[in-house]
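In: sharing a sequence plus its predicted fold:
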Amino acid sequence: MIKKTGYIIVLLAVVLVVTMVVSSCIGAVDISFSELLSIISYHTRLSDYQGFTSQQESVFFNLRLPRVLLGSLIGAGLGVSGAAIQGLFRNPLAEPGLIGISSGATLFAVIMIVLEINIFKNLTGTLSFYALSIAAFIGAGITTMIVYRIAMKNGKTVITTLLLAGLAINALANSFIGLMTYMATDAQLRNITFWNLGSLGGASWQTVSALLPFVLIPIVTLPFFAKSLNALVLGEPQALHMGVNVKVVKRMIIILATMAVGASVAMAGIIGFIGLIIPHIIRMTFTADHRLVIPGSALLGGALLTGADLIARTIVAPAELPIGILTAMIGVPVFIYIIISEKNKNNL
Amino acid sequence: MIRVEELTYKVGNRKLVDGLSFEAHSGEMLAILGANGAGKSTLMKLLCREIRPSAGKVFIKGKELMNYRLEDLAKTRAVLSQHNTISVSFIVDELVMMGRYPHFDQKPAANDFSVVRRVMQDTGISHLSGRDYNTLSGGEQQRVQLARVIAQVYDSPNACLLLDEPTNGLDIQFQQQIMVLARKLADRGYCVICILHDINYASRFADRILMLKNGKKVAEGLPVEVINCDNIHETFSIKVKLMECEDYNCPLVIPATSVS
């Protein structure tokens, strides 16, 4: 069982690396695999041979690599937080976008931009991205707490209440975002529109480095809660009987999961359904054991979003498809499938 | 083993559990009887530390319940709750292994695997190994849950087991299997406290019976001492007849109201 988990994680890691390499190679400027190896070995001083053009080198370092890294970080963040939130809510339909967490994050980020909060104005470069991430994180955290309070009953979430609460929170957040758009200046407006699209187009070393801690901390920490999340599958009282400090665990999971969602939204807008389908695929294919679902969702999420972004930027080249459209196209059928299977199971 | 002193739980001005004191010992099975709303489930929650008492104390092995660390408590007592639905599906073996969670950090040790195997044999669910929990029948699910609960305290034979209506919703065959299993555990040295609805099951399997009404004790003692028409009328507000039966040292209880 445990041995198998190790193999699966290695397999998923290989899938992620392969997707990243392929995605780094394909685009408006093609880089072949051998040229990619040459760029890497030249820069790591393993070889003096320059088997690539300077254009390829600059495309790789300034465009391709940050974009691939941003994509895999966001995918990993959304996947892992989706898995954690579904465990916490005891519900496979709990997805950050559907239950309003992403809109809460967006709202706080937009407020930050439009009201030109003093601290934010004085920050430039990477620091401003950090501030934006933190604002979105706070927004995501607050909405999660509200949705959790509304939807929890006797230690369980009722699916309909959960989704209705998400619907209400989404509507409320969107109305405030609308209000902010109305108040915004032209320059601010351009910034805000960016969120509604959901795109990795803003990738740069600044966004990557701003996002890194917000995604890395949850990915490294959440696996330690895997056992507690498994116990929570049985129910909150049952987890308590098994020695899980439910209060502390809940608080930590909300903080860690919203950290990843908030920062992802701040960097790339709302990219839906990743948090829903990735953990679901892992559970269907392998096991519902969170000791695999948590790290597995991070790896597969990174791979899927990187792959989806590759399609989004090449399929209508030289234009670019907003990635949110693609993830929705893949995600919604899975969503419908889960609804139907839940209906058959619990008389939804 | 478990000592309850003047335990009271209030919601507003209503006392759901009212100044209750009793003891349950190692190697003994104590059955708790009472009508719906008598405070049985509240008492169970207090014993599990799910809720804090308004007054009074619970001691497990002489140590006050609130002074336990959660992890230590998990190794000293295990609880079978009434409702056991799971949100995502698990394989039976993985579910039983969850009972071992308080005993290992990240990876189960060889001992944990062997405990799971032995508990599954004891509870007669070895043939369910590898099955998906959600595809099992109610009786099978209940036995898997019981196996998980036993696995949690398998290697501490003087631990406590709290069972909240373990036979609820099961057919008579499974009811009996579960009760026989609970009885065996008490004989092995566990202190078993069990909420039951069926008076005859209680007198057949338990060493002692505690009868509750409105959060207060109606009677406590050996089945043969407490099972009588007055106590049952006091507890359940029903009229019953007692029937002596050979092999049983306690009379059987049957409804007295004739169907006309």
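Out: Sure thing, it's come through. Numbering: from 1, shown residues only, chains lettered A, B, ... in the order given.
In: could you pull up the mean pLDDT of stretch A:170-187?
Out: Stretch A:170-187 carries an average pLDDT of 86.
In: got the CA positions of it in CSV?
Out: Taking Å, rounded to 0.1, in the frame of the first residue of the first chain, the C-alpha atoms of stretch A:170-187 are listed here in CSV:
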residue,chain,number,x,y,z
ASN,A,170,-20.1,34.5,-5.6
ALA,A,171,-23.0,36.9,-6.4
LEU,A,172,-22.2,39.2,-3.5
ALA,A,173,-18.5,39.3,-4.3
ASN,A,174,-19.3,39.9,-8.0
SER,A,175,-21.6,42.8,-7.2
PHE,A,176,-18.8,44.4,-5.1
ILE,A,177,-16.3,43.8,-7.9
GLY,A,178,-18.8,45.5,-10.2
LEU,A,179,-19.0,48.4,-7.9
MET,A,180,-15.2,48.6,-7.8
THR,A,181,-15.0,48.5,-11.6
TYR,A,182,-17.4,51.3,-11.7
MET,A,183,-15.2,53.4,-9.5
ALA,A,184,-11.9,52.4,-11.2
THR,A,185,-9.8,54.6,-13.4
ASP,A,186,-8.8,53.4,-16.9
ALA,A,187,-5.5,52.0,-15.8
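In: need the residues that contact it.
Out: A:100, A:103-104, A:106-107, A:110-111, A:113-114, A:143, A:189, A:192 (Cβ atoms under 8 Å, 6 or more residues apart in numbering or on different chains). The C-beta positions use only the backbone N, C-alpha and C, and glycine is treated the same way.
In: any idea how far that stretch is from the middle of the chain?
Out: Centroid separation for stretch A:170-187 versus its chain: 23 Å, with Cα atoms, centre = their mean, to the nearest Å.
In: got the buried residues for it?
Out: A:170, A:172-173, A:176-177, A:180, A:184 (16 or more other Cβ atoms under 10 Å in any protein chain shown).
In: same check on stretch B:120-128?
Out: Using 16+ other Cβ under 10 Å as the test for burial, stretch B:120-128 gives B:120, B:122-123, B:125, B:128.
In: these: which two are farthest apart?
Out: B:Asp122 and B:Leu128 (13.3 Å; Cβ to Cβ).
In: and the residue of the stretch 151-260 of chain B found nearest chain A, what does it touch?
Out: Nearest residue of the stretch 151-260 of chain B to chain A, counting by Cβ to the nearest Cβ: B:Gln152, 6.6 Å away. B:Gln152 is in contact with A:242, B:74-75, B:78, B:99-100, B:102, counting by Cβ under 8 Å, 6+ apart.
In: A:Val29 contacts A:Ser58, correct?
Out: No - contact criterion Cβ atoms under 8 Å: A:Val29 and A:Ser58 do not qualify, at 9.2 Å.
In: if we can go back for a sec, between the buried residues of stretch B:120-128, which is nearest chain A?
Out: The closest of the buried residues of stretch B:120-128, once distances to chain A are taken by Cβ to the nearest Cβ, is B:Met120, at 14.7 Å.
In: chain neighbours aside, what residue packs nearest to that closest one?
Out: B:Ser126 (4.9 Å; Cβ to Cβ, 6 or more residues apart in numbering or on different chains).
In: need the strands for the chain, in chain order.
Out: As the question left the chain open, I've gone with chain A. For chain A, the strands defined by DSSP state E cover A:152-153, A:156-157.
In: if you could check chain B rather than the one you did, that'd help
Out: Going by DSSP E, chain B shows strands at B:2-11, B:14-24, B:29-34, B:55-60, B:63-64, B:77-80, B:160-164, B:191-195, B:208-213, B:216-221, B:240-243, B:252-255.
In: would a markdown table of the ones you listed with mean pLDDT be doable?
Out: What follows is the strands of chain B, written out as a markdown table (pLDDT from 0 to 100):
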| stretch | mean pLDDT |
| --- | --- |
| strand B:2-11 | 94 |
| strand B:14-24 | 93 |
| strand B:29-34 | 95 |
| strand B:55-60 | 94 |
| strand B:63-64 | 92 |
| strand B:77-80 | 94 |
| strand B:160-164 | 94 |
| strand B:191-195 | 95 |
| strand B:208-213 | 95 |
| strand B:216-221 | 93 |
| strand B:240-243 | 89 |
| strand B:252-255 | 88 |
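In: these: which one's closest to A:Gly324?
Out: strand B:77-80 (45.5 Å).
In: adjacent strands (with direction) for the closest one?
Out: Sheet pairing of strand B:77-80 (DSSP bridges) gives strand B:160-164 (parallel).
In: give me the contacts around the strand it pairs with.
Out: Under Cβ under 8 Å, 6+ apart, the answer for strand B:160-164 is B:1-2, B:24, B:41, B:44, B:47-48, B:60, B:76-82, B:146, B:149-150, B:153, B:182, B:185, B:190-195.
In: and those, which are buried?
Out: B:1-2, B:24, B:41, B:44, B:47-48, B:60, B:76-81, B:146, B:149-150, B:153, B:182, B:185, B:190-195.
In: now do the buried residues in stretch A:131-147.
Out: For stretch A:131-147, by 16+ other Cβ under 10 Å, it's A:131-144, A:146-147.
In: could you do stretch A:186-202 as well?
Out: Neighbour-count burial for stretch A:186-202, counted by 16+ other Cβ under 10 Å, picks out A:188-189, A:191-192, A:195, A:197-202.
In: how about the residues of chain A near chain B?
Out: Residues of chain A found near chain B (Cβ under 8 Å from any Cβ of the partner chain) are A:1-2, A:86, A:90-92, A:227, A:230-231, A:233-235, A:237-238, A:240-245, A:283, A:287-289, A:291, A:345.
In: ok, and the closest non-adjacent residue to whichever residue of the stretch 101-250 of chain A sits closest to chain B?
Out: The nearest approach of the stretch 101-250 of chain A to chain B comes at A:Gly243, 3.0 Å away (Cβ to the nearest Cβ). Distances taken as Cβ to Cβ, 6+ apart place B:Ala74 nearest to A:Gly243, at 3.0 Å, with adjacent residues excluded.
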